[in-house]
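1. Predicted structure and sequence below. I'll ask about it afterward.
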Amino acid sequence: MKILALESSCDETAAAVVEDGRLVRSSVIASQVEEHKLYGGVVPEIASRRHSEAIVPVTQKALDDAGMTLDEIDAIAVTYAPGLIGALLVGVNFAKGLSLSAKKPLIPVHHLRSHIAANYITAPELEPPFLCLVVSGGHTHIVEVNGYTDLRVIGCTRDDAAGEAFDKAARAMGMPYPGGVEMDRIAENGDPMAFRLPHPKVDGAPYDFSFSGLKTAVINLIHNAKQKGEELPVPDLAASFRKAVVDCLVQNFVKAAEAFGSKKLVIAGGVSANSLLRRRLDEECRKHGWKLYMPALNLCGDNAAMVGAQGYYEFLAGNTAGLDLNACAEMPIQGPQG
C-alpha cells in the first residue's frame, strides 16, 4: 500500500511517499528554520503562510521523486494534531482537497504517534509491544505502546517539555534558534560537573517530569552572573544543563522499564537526536540486557515519512476520516477519546 503523507504541524512543510508503513519511496522537507531564527523562535503566522506557499511544490516533488502520480497512490495521510493550529490547517485542508479530487481515503495521524513510527522505518523488525520515551520541543512522555494504535501514557511532564527547556536555556546562554541543537554541540566540549543544577522530581508520580525549575535555575544563574559582571563558561554551563535534563529523562525511563518489565526501549521526537541521551540510554540498555531502538538522525525532527509509516497502521485499524476532519492544537496520544 502506497501512502502520500503530509506534515505541517510546526515550521517544516513535508511530504513523502511510504509503502506498507516501512519503505520510504521519497521524503521532501522545506524548512523555515533560517527565517524563524530572526525572531528566536517559531512565529505561528509566518509558519502558516510559508506552509501555504510550499505545500504544493513539496508534494509534487515527493511524487516526482517516488516516480509516481497521484493516481498510483492508495491513500493520503496527514498530521492533524497536535501542533500550531494555523500550520496544521494548511496540511489538513490541502489533504482533504487531494482526497476529494483524487477519490483517495484520508487518514488522520497524530503527530506523536508518527514520531514513534519513525522507528519502524529505521528498524523494520521493530514491532509492539515496547516502551517509548517521546521527547520533543512541546512534549515529554513515557508511552506504553501495546499495539500500533494502542498507546497509553504512563508518565509525562507537568510543565515544560525537555526540548522547550533546552531551547529556552540555550537562548538565555546566547545561542541561536533552535537552541537545543546548538547546546548539544557546545556541551560536547564542556565539563558536565562544573555546575550543580537541580534534578526535579514529582512526588507520588515516579514516571512524571518537571523541567520548569531546572530551566529557571539556569536562567537565574546567568542573570546573577551578569549583574555581578561575571562571565560564565558557556560550554561548562551547557554541559551541566544537558546532563541534568538527560539524567531526569533516563532515570524515569529506566524506572518505568523496570516496573513494567519492558525489554524493548524506544526513543522518539526531536530531542531523541541529543547525543548524550543516545549514549546514556545505550549504556543503560547494555547494562540491563535490553534492546534499544533509536530513529535515524534525519528522522528525529518533523518529517512526512514518519506520518506515512503511522498512517499505514491507522488505515489497517480502520482510522480514516471524511471531509469534516479538523485540525486540533492539542490532543492526547490515545486519540480524541484519550
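-> Received, thanks. As the structure is a computational prediction, the values presented were derived from the model and not from experiment. Residues are numbered from 1 along each chain as shown.
2. Helices of the stretch 1-150 of the chain, residue ranges please.
-> 33-37, 44-66, 85-102, 111-122 (DSSP state H, counting those that start in this stretch).
3. Same check on the stretch 201-338 of the chain?
-> Going by DSSP H, counting those that start in this stretch, the stretch 201-338 of the chain shows helices at 212-227, 234-260, 275-288, 305-316.
4. now those in CSV, with distance to P108 and mean pLDDT?
-> Just so you know, the C-beta spots here come from the backbone N, C-alpha and C atoms, and that holds for glycine as well. Shown next, in CSV, are those (distance: least, Cβ to Cβ, whole Å; pLDDT from 0 to 100):
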stretch, distance to P108, mean pLDDT
helix 212-227, 32, 93
helix 234-260, 28, 97
helix 275-288, 30, 98
helix 305-316, 7, 98
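5. Deepest-packed of the ones you listed, please.
-> Of all these, helix 305-316 carries the top mean neighbour count, a mean of 28, counting by mean count of other Cβ atoms under 10 Å.
6. now the angle from that helix to helix 111-122?
-> Orientation check (axes from the mean of the first three to the mean of the last three Cα atoms, to 10 degrees): helix 305-316 against helix 111-122 gives 100 degrees.
7. contact partners of helix 305-316?
-> For helix 305-316, the surrounding residues in contact (Cβ atoms under 8 Å, 6 or more residues apart in numbering) are 1, 3-7, 14, 16-18, 20-22, 24, 27, 75, 77-79, 105, 107-110, 113-118, 120-121, 148-149, 295, 299, 320.
8. Just the pLDDT at the residue nearest the centre of the chain, thanks.
-> Centroid check for the chain by Cα atoms, centre = their mean gives G269 as the closest residue, at 2.7 Å. What the model reports for G269 is a pLDDT of 97.
9. need the contact list for the nearest residue to G322 once chain neighbours are set aside.
-> With Cβ to Cβ, 6 or more residues apart in numbering as the criterion, G322 has its nearest non-adjacent residue at 7.2 Å, and that residue is L106. By Cβ under 8 Å, 6+ apart, L106 lies in contact with 75-78, 95-96, 99, 320-323, 325.
10. how much space between L106 and G91?
-> Taking Cβ to Cβ, to the nearest Å as the measure, L106 falls 12 Å from G91.
11. which residues are common contacts for the two?
-> V78.
12. Kindly report the domain assignment for the chain.
-> With domains defined by automatic domain parsing, the chain comprises 2-116+299-316, 128-295.
13. The first one: how far from the chain's middle?
-> With Cα atoms, centre = their mean, to the nearest Å as the basis, domain 2-116+299-316 stands 14 Å off its chain's centre.
14. what's the first-to-last distance across it?
-> 13 Å (Cα to Cα, to the nearest Å).
15. for the last one, same thing?
-> End-to-end distance of domain 128-295 (Cα to Cα): 15 Å.
16. Which residues does the helix or strand of the chain with the lowest mean pLDDT contact?
-> When the helices and strands of the chain are scored by mean pLDDT, DSSP states H and E, helix 33-37 comes last with a mean of 89. For helix 33-37, contacts defined as Cβ under 8 Å, 6+ apart pick out 11, 42-43, 46-47, 50, 176-178.
17. One more pass at 7 Å, please.
-> 11, 42-43, 46, 176-178 (Cβ atoms under 7 Å, 6 or more residues apart in numbering).
18. next one: stretch 136-146
-> Residues outside stretch 136-146 that contact it (Cβ under 7 Å, 6+ apart): 112, 115-116, 128-134, 151-157, 161-164, 167, 207, 209, 252-253, 256, 260, 269-271, 333.
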